[in-house]
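Enquirer: Give me coordinates for this.
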Amino acid sequence: MTNICFQCGIYRADKIIDPDGPVAICPECGHRHRFARLPLLIVSGASGAGKSTVCQFMLGRLTQVVILDSDILWRSEFNLPEYNSPDFIDTWLRMCKNISQSGRPVVLFGAGMGVPDNIEPRVERRYFATVHYLALVCDDHALEERLRRRPKWRGSCEPAYIKEHQRFNRWFKTYSSAQPPIRRLDTTDLDAETAANQVELWINEKLQNPGDSIRSN
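Expert: Model prediction:
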């Protein structure tokens, strides 16, 4: 638990981060402890854009990273509007931070995780050297077809659900901020293997150049 001070035992997520160490400094007693400040890679996109399919296809293919789907920790109490549950975001950032202490960066798949405004202001974000964002997108018609093919119990064939995720998909497609940038991968005409290969190339690129920033394309 890197949020617990090894000296005074007080829990503080808001430790002072000195990136030159890197060290985390306890605000209570001033104790400094070293930690691994690795990049965090986030693969996002609207429901139906291909996140879960690509995530499942990639499991076991890469050993230099830990691949996780954010849905595994989802609970009903996190169900807040606009894909922005601070507790859910903080839980995942804390999880990724602790996993990365093993020396392997995390590649996190999740919808709201790919919205920089959901990630960048969070206190746990400071423990990562950088956060790289990749959004899977597709055209509206392809997104609707994919959602309608899902089992009925998931509720993704409801018109309101489809409309909302088409809107979210368009948000990724029109995002233009350079800081932080979001790389986009259009999956409209890609099969699962091809899309996974493209995501793997992006991961390898980010690991080779962890400090580089890449503009949206």
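
Enquirer: Which neighbours in the sheet does the longest strand anywhere in the chain have, and how are they oriented?
Expert: Counting residues, the longest strand found in the chain (DSSP state E) is strand 131-137. In the sheet, strand 131-137 lines up against strand 40-44 (parallel), strand 182-186 (parallel) (DSSP bridges).

Enquirer: just so I know, which of the ones you listed lies nearest Arg148?
Expert: strand 182-186 (19.9 Å; C-beta to C-beta). Glycine gets a C-beta too; all of them are placed from N, C-alpha and C.

Enquirer: And whichever helix or strand comes after the closest one, what does it pack against?
Expert: Per DSSP states H and E, the first helix or strand lying C-terminal to strand 182-186 is helix 192-208. With contacts defined as 3 or more C-beta pairs under 8 Å, 6 or more residues apart in numbering; DSSP states H and E, helix 192-208 has these neighbours: strand 40-44, helix 51-58, strand 131-137, strand 182-186.

Enquirer: what's next to the second one, contact-wise?
Expert: Think helix 51-58. 43-45, 67, 69, 71, 109-111, 136, 187, 192-193, 195-196, 199-200 (C-beta atoms under 8 Å, 6 or more residues apart in numbering).

Enquirer: Equivalent analysis for the first one, please.
Expert: Defining contact as C-beta under 8 Å, 6+ apart, one finds that strand 40-44 is touched by 51, 54-55, 65, 93, 96, 100, 105-115, 119, 128, 130-136, 172, 182, 199, 203, 206.

Enquirer: Repeat that for the last one.
Expert: Applying C-beta under 8 Å, 6+ apart, the contact partners of strand 182-186 are 44, 114, 116, 132-138, 172-173, 175, 195, 198-199, 202, 214, 216-217.

Enquirer: quick one, helices of this structure?
Expert: For the chain, the helices defined by DSSP state H occupy 51-58, 86-99, 116-119, 140-148, 159-174, 192-208.

Enquirer: Out of those helices, the one nearest Val23 is which?
Expert: Of the helices of the chain, nearest to Val23 by C-beta to C-beta is helix 86-99, at 14.4 Å.

Enquirer: buried set for the closest one?
Expert: 88-89, 91-99 (16 or more other C-beta atoms under 10 Å).

Enquirer: nearest to Ala36, of the residues you listed?
Expert: Among these, and counting by C-beta to C-beta, the member closest to Ala36 is Lys97, at 9.2 Å.
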